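1. generate coordinates for the sequence data below:
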Amino acid sequence: MAINFLNTVDLNFNQLNKAAIQNLGADPVAGVLGQIYYDTSVSALKICTTAQVVGVSNAVWTEVGATSGVEKITIGNANVNSGGVNTGLVRTPVSGTGEIVLTPAIYGGAANVGMVPTGGAANKYLDGTGAWIDVTTGDIESVNAATAANLLGINITTPLGPNPTVGLDIVGRDSLGGAPATGDQLLIYDLDVTKNKKVTVGNLVGGFETTYTIDVPIGTTNVNLQGSDSTGVITNDPITLSGFSGQTTSTRIGPSELRVALTPSVVIANDLTLTSGNFVVADAGDAAKGNLTVAKAGSFGGQVTIPTVPTDPASAASKAYVDERVAGIGVYQGPYNAATDRPVLTGVAGGGFSQLAYDVGDYFVVSVAGNAFFNIQLEPGDFIFVDTAIAAGSVPTSAKYTVIIADANIASAGATDALANKGVSGFDSANFTVTANGWVQLKEEVISGRMRKIALTGGTDSGGQTTFTVNLATLFGATPTPVAADAIATVKETTSSLIVYPIVTGNGTGSLDFKFIPTVSDSTYTAIISIV
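-> Next up is the predicted model:
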């Protein structure tokens, strides 16, 4: 069922996307000027050009564009020209409606416009004069040698075709202009042979090598290296590879590797200083290994001295630093009964209990609800922290503590904001009810007191429109005074409950006007009005 709009719809310059005009198989009897529909029998959009006169005549529908635009264009094939020169598609401008015949001109060359003339075939092309020309074919009859530097080396021995001979001429050339040899090969021209030689880059060592392999026989520790010093004098000095017992060792690993390394257990007679880098003690998966052991020797107490205050997150901390940080850390002191003040936190002795001593940071968790703690209402799960150290037997004030409300309590309703328990949330008791389990409901009188429905009657007709006026004070009561600006209205058809859309406007400050087009009868529609 379609939505029933009973007044003009204004889209305020917004687009109407994906909309379809009403589809009908024949002209409807009723219609108003400007009304449109799509005639499926003739596939045309039609508009009402004469409104229906009830009991006299039906509406008149006219196809859109039938009398105002071109409906058919026929293309002819005659060659139209003026003075022997083609002038375009038609000889004169065309106007009018209905069927228009357009006769195109044939292309005549140069700046003339028109269709491509007949006569085209294989191996022909249309030249600038408008004539079809044969495409010539044949063999290559001559080839010129390249003169560009990057193409030098090409030699043409038979310049007159049809089959020229082209080859590479590398005699005296410093560039062949083609791709290099594959891999790392170089092409070497040799005058002593009929073909050029190929060598690899690996064969060209000489002064280009930067890595040298020294072959040291097993058991040999002396190696002579020959070179030149800063003055150019050739030197040939021996180098001995050796190491101290228990500290370093020299081992021949293979024909191309001689390794000098620390022994598994290194003894350092004096200080070991690291100017940069890290000193790492690795575990290597053995629980008995990977420990840093400081042996007691003489007056040295066997301790590791580190900075008093560590500066890096991974640094070790001194004993003084640890003692300073650990002192005063709060400790959980157990549950607190807020109904009996046990253990005593208010300093008021009673029943054999007295104030105990607590350090800064000590805290309690409330286990029983109550207000014995300085008349502050607490619930299970709330926290009490000690802000200032408290001596045993003293009478501390509430300023010595900080209370953290955990909000684990159930909300309740109250007559005022102050009386409403703000556990999880608080509600206005004038509008809500809350059970002991926290079930919140809006009171029925609130719903009925803010919303009314009324049949629209007593309408007045004028200019094809019916207007109904509803007095809000009569509908809702005079106290508090209802205001039209606070009212929201929905209109439905009384019998079907289908929502309709008339114009609803304020009438003064306390009434609403409902305007329907076309005119309607009393009680046909019902309004649901809310005051917000």
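
2. may I have the strands that pair with the helix or strand that contains residue 452, each with its orientation?
-> Assigned by DSSP states H and E, residue 452 belongs to strand 451-455. The pairing partners recorded for strand 451-455 under DSSP bridges are strand 525-531 (antiparallel).

3. buried ones in the strand it pairs with, by neighbour count?
-> Counting neighbours by 16 or more other Cβ atoms under 10 Å, one finds that the buried residues in strand 525-531 are 525-527, 529, 531. For glycine as for every other residue, the C-beta is placed from the backbone atoms N, C-alpha and C.

4. re earlier: and the next helix or strand past the strand holding residue 452?
-> Downstream of strand 451-455 (by DSSP H and E), the next one is strand 460-462.

5. I'd like the average pLDDT over that next one.
-> For strand 460-462, mean pLDDT is 94.

6. same check on stretch 127-144?
-> 77.

7. with stretch 31-46 instead?
-> On average, stretch 31-46 scores 93.

8. buried ones in that stretch?
-> Neighbour-count burial for stretch 31-46 [16+ other Cβ under 10 Å]: 31, 35, 37, 39, 46.

9. what's opposite residue 61 in the beta bridge?
-> In beta-bridge terms (that is, DSSP bridges), residue 61 pairs with residue 48.

10. which SSE is immediately downstream of the helix or strand harbouring residue 125?
-> Taking DSSP H and E as the definition, residue 125 sits inside strand 124-126. On the C-terminal side of strand 124-126, the closest following helix or strand by DSSP H and E is strand 132-134.

11. counting neighbours, what do you get for residue 57?
-> Other residues within reach of residue 57 by the criterion other Cβ atoms under 10 Å amount to 11.

12. quick check: closest non-adjacent residue to it.
-> Distances taken as Cβ to Cβ, 6 or more residues apart in numbering place residue 50 nearest to residue 57, at 7.7 Å, with adjacent residues excluded.

13. from the buried residues of strand 525-531, pick the one nearest residue 370.
-> residue 531 (43.8 Å; Cβ to Cβ).

14. hmm, back to that, tabulate the buried residues of strand 525-531 in JSON lines, adding columns for distance to residue 121 and pLDDT.
-> Below are the buried residues of strand 525-531 laid out as JSON lines (distance: Cβ to Cβ, whole Å; pLDDT from 0 to 100):
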{"residue": "525", "distance to residue 121": "78", "pLDDT": "96"}
{"residue": "526", "distance to residue 121": "82", "pLDDT": "97"}
{"residue": "527", "distance to residue 121": "82", "pLDDT": "96"}
{"residue": "529", "distance to residue 121": "84", "pLDDT": "93"}
{"residue": "531", "distance to residue 121": "88", "pLDDT": "87"}
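
15. ok, now which ones touch residue 404?
-> Residue 404 makes contact with 382-385 under the criterion Cβ atoms under 8 Å, 6 or more residues apart in numbering.

16. quick one, what contacts residue 117?
-> 106-107, 126, 130, 132.

17. quick one: which of the contacts of residue 404 is most hemmed in?
-> Neighbour tally across the contacts of residue 404 (other Cβ under 10 Å): the maximum, 23 neighbours, falls on residue 382.

18. hmm, it is touching residue 376, no?
-> No - with contact defined as Cβ atoms under 8 Å, residue 382 does not reach residue 376; the gap is 9.1 Å.

19. quick one on the thing from earlier: make JSON lines out of the contacts of residue 117 and add distance to residue 402 and neighbour count.
-> JSON lines is the format used below for those (distance: Cβ to Cβ, whole Å; neighbours: other Cβ atoms under 10 Å):
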{"residue": "106", "distance to residue 402": "101", "neighbour count": "18"}
{"residue": "107", "distance to residue 402": "97", "neighbour count": "17"}
{"residue": "126", "distance to residue 402": "97", "neighbour count": "15"}
{"residue": "130", "distance to residue 402": "101", "neighbour count": "17"}
{"residue": "132", "distance to residue 402": "102", "neighbour count": "14"}
